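J.: Need a 3D model of the following:
(chains A and B)
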Amino acid sequence: MLRFILRRLGTMLLTMLVLSILIFVISEVVPTDPALKILGRESTPQARAALSEKMGFNRPLPERYWNWITHFVRGDFGESYRLGAPIQPLVARRLTNSLFLAASALLIIIPVSLLLGVVAGLNEGRWPDRVISIGSLLSISLPDFVMGVLLITIFSWWLKVLPADSSLRGDNIDLALHGRKLILPAATAALVLIGYIARVTRVSMIEVMASPYIRTAVLKGLPRRTVIVRHALRNALIAPIAIITTQINWLIGGLIVIEQLFNYPGLGSLFARAALENDLPMIEASAMTAIVLIVLSQLIADLLYSALNPRVRLS
Amino acid sequence: MKLFGPKAIKANEERVREAHFQYTQNRISRREFLRFASTVGASAMAISLLPPRERLLARPARLAQDMAPVRGGTIYNSLGIDTRRFDDPARLDMVFVSNYVRQICDYLVVLDPDLNLQPSLATSWMPSEDGKTWTVTLREGVKFNHGKDFNADDVVFTFERLLNPDNSSGWAGAANYVTGVEKVDDYTVNFFTNRVVGDFIYTLFLYHAAILPSDWPGDFFTNPWGTGPFTIEEHVPDEYIRFKRREDYWQMGADGKSLPYLDTVEFVSYPDEAARFSAMQEGSLHMGPASITLRDQYLTLPNHDFQTVQTGNLHIGIMKFNEEPWTNPNVVEALKLSVDRKAYADTLYLGFAIEADDHPIAPGMYPLAPANQTPRQQDYEKARALLAEAGYPDGLDLTVDYIDPGSDGGFADGFAQFLVGQLEPAGFRLTLAPNPDFWTTWLDDWGPNHFGVSNWAQKNTASEMLNLAYYSKGVWNESHWSNPEFDRLLEAFDSELDQEKRRGQLEQLTNLISDQASVLIPGFRQDAAAIAKNVHYRLHPQAYVWMGDTWVTP
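T.: Residues are numbered from 1 along each chain as shown, chains lettered A, B, ... in the order given. Take a look at the predicted model:
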């Protein structure tokens, strides 16, 4: 088990190393003058040249890479060109906010989608299945911005029960102060995923219910309730849980549109702006953060999977 | 150095009397007469020359005088730009970012929303007899927010920093005729110029010229020292900046007590307009910029007004002067003739724009600006004929270079898209090439066909605009247009103090640009903002935001 985790983390470090080199090479291809970004458009070419010299922008690529990576491992991610501010505290703050948002979304996604999928699966072909299937289809086909606007219109403008403006005032996110602000963005992200996960759960449930061991359990005379809860569920949930864990990464770092719509200060919008404005140090930091997130969420997926399915040995 | 020699005072009085004579002859307007008098530091004398009834009208109009202002409260304002950090006000390159500085620091003079020059940290100013030395008297009894008294040392410190090439300030480029600054006594400084510049005093309000204390150690967000109405309480880059009122600001409100009226102002980042709109809808945002094209939606907001203000801001089509195909004036003229200026105002701004005739000096927005002439009429037939004459009977393929929509919110993109349809019937086939590194290549490289579009904000004076972008040696001459006659005329315009002559010169200058320069300028747009009905605030045509005299009714 420990060896498995260590191996995973080793792969992560290797991926980070390769990717960081790749980004550095790509940055060579995209013509960006960091001195111009820092000094502004009104600066003189002489001043830009002087700054490039001082900051080492025109040193050879390997030297710049070494310089960057040695700072990075010490937790110094550099300064954002766009915001003129140190990156590390910004990413830490946004990451905290994003974790809260992702957790809120998961709190909705997991119970709702699994319950709907199981109910639909158990009632295959009957009206609960039809209603749930049409609902999931709607949820899958509506893009996140449409879903978000829909929720804002209903809950903020008509019913006036939830805030549509999720921008935070004051320090980091504080659940007592900002809890209500999480609801609509979390619900939007949740609704986008619920349909998909419910459908997977439904199919998985139908398959399991048709399998020989369930028939045996039924013929053995076990109550239907016990058959479903003790025998069917555990196997039927393997597929949807695996899918949910692949979405964690998106929920933390990829909610660009949702964050913009609600003005929620998460990681996605921070990184998207960096990409749009060629903010190289921030792009590097975002790629590194993304890898850590992917590897960690996969690690969680594997651990959960092995817990649900004893046939899988992690060593 | 003697302060004001009797000869200098007499020369200045003569200038004002001459301008007053021109005003009585109806050759310049009252507003222009007062504007001129204020540029040479003789507003009081000018007002005394007016008949009593007009003296009342000449007083600066202040919204706050209509109603007694209320003290206290917090305002959330979105500036249409993310809240970013910067080290040094001297290196600002964007008016939006300068709006943070404006809350913390003062300038020597300010242009009010009516575009009248008003004293601020400077109380009076006067040119020497030869016009090359400007003596500026400073306000006494002003304190910086870190406790230091304001005096001439701070002004010398600030402007020496701006002039020092090591600091790479845009100010040194815009005011390239200023050679130095010198302390005369604790509350008097002299500015020296190498030629006569009638509009000199306006350069003291360029956004780099925020007055910093002489003991300022650098790094503005760590040491936000200034004489202004607010101090920074908290700043989270990309999210918000919160300003808190100062208790001992020097400027008095209408109630006789220190400004500002507000306790707290928070500038909040709302990069997305839909998010801004829904924040206004639910009342968590008092004010922010609004797209004119979304006017109907904003009018549905129950607690906000949709305020517009005419500006001299413009979109510009750049044809690089010294490159094919623009070396042929017929091609340039054909392109100008292909654009329907009314369609520009109507499609992009729902009519909230005035039509322009391919020069940048918007009527009413600059002193002495010529009244709006009838612009070129769209004439495809003539355009096609000119193109054929220039050797392009089958038309021309053009790549349009401009900043990518992600970096400027689609501002240049909207104009580029508009041009596609407008130019096509004349034979110009456009391919859009949005460029994320526009600001790196901008001044020299306009893509394979040397064609692109950019965007200019209004400047303080016509002279500033013309010197930056149309003078052959202008530091931001993006079209590379060069015309010796224009250069000579502009130098003469800058050094002339006679208002009637200057008006004629400015008209000649704008005519030269309109007829010959390789630029397309179809209109001047209005700016719009949604502002909560209980907030007392007036939009400034130059996008300056100063919350010092804003107040909010509970």
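J.: In the stretch 101-250 of chain A, where is pLDDT below threshold?
T.: Low-confidence segments of the stretch 101-250 of chain A (pLDDT under 70): A:170-173.
J.: can you give me the helices in it?
T.: Along the stretch 101-250 of chain A, counting by DSSP state H, counting those that start in this stretch, helices occupy A:127-141, A:144-151, A:175-209, A:212-219, A:224-226, A:233-236, A:238-253.
J.: Dump those into a markdown table; add mean neighbour count as well.
T.: Yep, even glycine has a C-beta here, placed from its N, CA and C like the rest. A markdown table is the format used below for the helices of the stretch 101-250 of chain A (neighbours: other Cβ atoms under 10 Å in any protein chain shown):
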| stretch | mean neighbour count |
| --- | --- |
| helix A:127-141 | 15 |
| helix A:144-151 | 18 |
| helix A:175-209 | 21 |
| helix A:212-219 | 13 |
| helix A:224-226 | 10 |
| helix A:233-236 | 19 |
| helix A:238-253 | 20 |
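J.: got CSV for those helices, with distance to B:Phe451 too?
T.: Below are the helices of the stretch 101-250 of chain A laid out as CSV (distance: least, Cβ to Cβ, whole Å):
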stretch, distance to B:Phe451
helix A:127-141, 42
helix A:144-151, 34
helix A:175-209, 42
helix A:212-219, 71
helix A:224-226, 74
helix A:233-236, 62
helix A:238-253, 39
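J.: How about the residues of the stretch 401-550 of chain B by chain A?
T.: Taking Cβ under 8 Å from any Cβ of the partner chain as the contact definition, the stretch 401-550 of chain B meets chain A at B:Asp404, B:Gly406, B:Ser407, B:Pro436, B:Asp437, B:Trp439, B:Thr440, B:Trp442.
J.: If we only consider those residues, which is nearest to chain A?
T.: Nearest to chain A among those: B:Gly406, at 3.5 Å, using Cβ to the nearest Cβ.
J.: burial count for the closest one?
T.: 16 (other Cβ atoms under 10 Å in any protein chain shown).
J.: show me what contacts A:Ser133?
T.: A:Ala120, A:Arg199, A:Arg202 (Cβ atoms under 8 Å, 6 or more residues apart in numbering or on different chains).
J.: hang on, the earlier thing: which one of the residues of the stretch 401-550 of chain B next to chain A sits closest to A:Ala210?
T.: B:Gly406 (50.6 Å; Cβ to Cβ).
J.: Quick check: phi and psi at the residue most central in space within chain B.
T.: Against the mean C-alpha coordinate of chain B, by Cα atoms, centre = their mean, the closest residue is B:Lys459 at 3.3 Å. Phi and psi for B:Lys459, reported as degrees, to the nearest 10, are phi -110, psi 170.
J.: correct me, but it touches B:Tyr470?
T.: No. Taking contacts as Cβ atoms under 8 Å, B:Lys459 lies outside contact range of B:Tyr470: 11.6 Å.
J.: What distance do you get for the residue nearest to the centre of chain B to B:Val95?
T.: From B:Lys459 across to B:Val95, the span is 10 Å (Cβ to Cβ, to the nearest Å).
J.: One more: A:Gln247?
T.: Per Cβ to Cβ, A:Gln247 is found 42 Å from B:Val95.
J.: Can you check which of the helices of the stretch 101-250 of chain A gets nearest to A:Pro111?
T.: Nearest to A:Pro111, of the helices of the stretch 101-250 of chain A and by Cβ to Cβ, is helix A:175-209 at 10.1 Å.
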